[in-house]
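Peer 1: Quick check, what structure comes out for this input:
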Amino acid sequence: MVRHGQSAGNVARDAAEAAAGLRIDIAERDVDVPLSELGVRQSQALSGWFAALGPERQPTVVLHSPYVRAAQTADLVMAGMDREEMIAIHADERLREKEFGILDRLTVRGIAEQFPDLHEQRHHVGKFYFRPPGGESWCDVILRLRSLLDTITREYAGERVLIVAHQVIVNCFRYLLERMDEARILAEDRAGDVPNCSVTSYEFDRSLGKRGKLAVKLINFVAPLEASGTPVTASKDMPAAPKA
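Peer 2: Residues are numbered from 1 along each chain as shown. Below is the predicted model of the structure:
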């Protein structure tokens, strides 16, 4: 799993928070927000790492969020791979960003000032269960990812699958694949944001359990960016939620 490279939305969010603004200043729909210049460089650095893996270890299936920043990242990452040898390359709407509903484009200050009751509820309930009007909770995201895992198991069993998506998607996949509970995934979230163009990976291990299962290999791996001298960023995709 790869989180998309830094996006223009990440940059705008950081600027709005730094200026104590109420709203993130970006014209595009969230689905249309592209990579920043640095996000392109990050994706290219990661492409070199995947290319160096060689055909025996490169992905045979690439699934990505339909959002522009994720689709651009996937396209750039695949630059050093033989697409003709791949089983499938396509966007899947179940990998889309978490939907923020009425809170979309608002900073933490903006939420507190414009929707004080929701701001209080958000802190009380916590990000795992809080669902803003018109938006999703982490549980809602997890539900659609359970469906996607069923599809992957049915259609791509035995293949090497690359998923390119968003921070919440990576964390929710970790919740599912590592059989976490709410407390553990939120502890992981408190430890730090998922870096842009970082890699989190799993490999099937037949020695685990009765029938084997996926074992963690890499978590938020950013060595390809560091080795190329490309700045590592961990910009949030939305205003900071309560770390509880």
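Peer 1: Per-residue pLDDT of the residue of the chain positioned farthest from its centre, please?
Peer 2: Distance from the C-alpha centroid of the chain, by CA atoms, centre = their mean, peaks at K210 (30.7 Å). On the pLDDT scale, K210 is placed at 89.
Peer 1: what element comes up after whichever strand or helix holds A183 heading to the C-terminus?
Peer 2: A183 belongs to helix 182-190 when elements are defined using DSSP states H and E. Sequence order places strand 199-205 as the next helix or strand after helix 182-190, per DSSP H and E.
Peer 1: for that next one, the distance to its chain's centre please.
Peer 2: Relative to the chain's own centre, strand 199-205 is displaced by 16 Å; criterion: CA atoms, centre = their mean, to the nearest Å.
Peer 1: What are the contacting residues of the next helix or strand after that strand?
Peer 2: Next in sequence after strand 199-205, counting helices and strands by DSSP H and E, comes strand 213-221. Applying CB atoms under 8 Å, 6 or more residues apart in numbering, the contact partners of strand 213-221 are 174, 177-178, 192, 194-195, 198-205, 208. Quick note: C-beta positions are derived from backbone N, CA and C, even for glycine.
Peer 1: Apply 6 Å and report the result again.
Peer 2: Applying CB atoms under 6 Å, 6 or more residues apart in numbering, the contact partners of strand 213-221 are L177, V194, P195, S198, V199, T200, S201, Y202, E203, F204, D205.
Peer 1: give the contact list for the first one.
Peer 2: Counting by CB under 6 Å, 6+ apart, L177 touches Y202, L214.
Peer 1: Against D25, how distant is the residue positioned nearest the centre of the chain?
Peer 2: Of all residues in the chain, the one closest to the mean position by CA atoms, centre = their mean is H166, 2.1 Å from it. The span separating H166 from D25 equals 20 Å under the rule CB to CB, to the nearest Å.
Peer 1: Q121 too?
Peer 2: Q121 is 26 Å from D25, where distance means CB to CB.
Peer 1: you'd agree T233 is up against C197?
Peer 2: No: at 8.6 Å, T233 does not count as touching C197 under the criterion of CB atoms under 6 Å.
Peer 1: The two - which one has more neighbours?
Peer 2: Ranked by neighbour count (other CB atoms under 10 Å), T233 and C197 place C197 first, with 32 against 22.
Peer 1: Tell me, what's the model's pLDDT at that one?
Peer 2: As predicted, C197 sits at a pLDDT of 98.
Peer 1: Skip the chain neighbours and tell me the closest residue to it.
Peer 2: Q42 (4.0 Å; CB to CB, 6 or more residues apart in numbering).
Peer 1: how much space is there between that neighbour and G229?
Peer 2: Remark: distance between Q42 and G229 (CB to CB) = 11 Å.
Peer 1: Also V216?
Peer 2: Distance of V216 to G229, given as CB to CB: 28 Å.
Peer 1: The two: which has the busier surroundings?
Peer 2: V216 (13 against 8).
Peer 1: in this structure, which spans are helices?
Peer 2: Assigned by DSSP state H, the helices in the chain fall at 8-18, 37-53, 68-77, 108-114, 116-125, 138-155, 167-177, 182-190, 223-228.
Peer 1: Buried deepest among these, which one?
Peer 2: Scoring the helices of the chain by mean neighbour count under mean count of other CB atoms under 10 Å gives helix 68-77 as the most buried, with a mean of 24.
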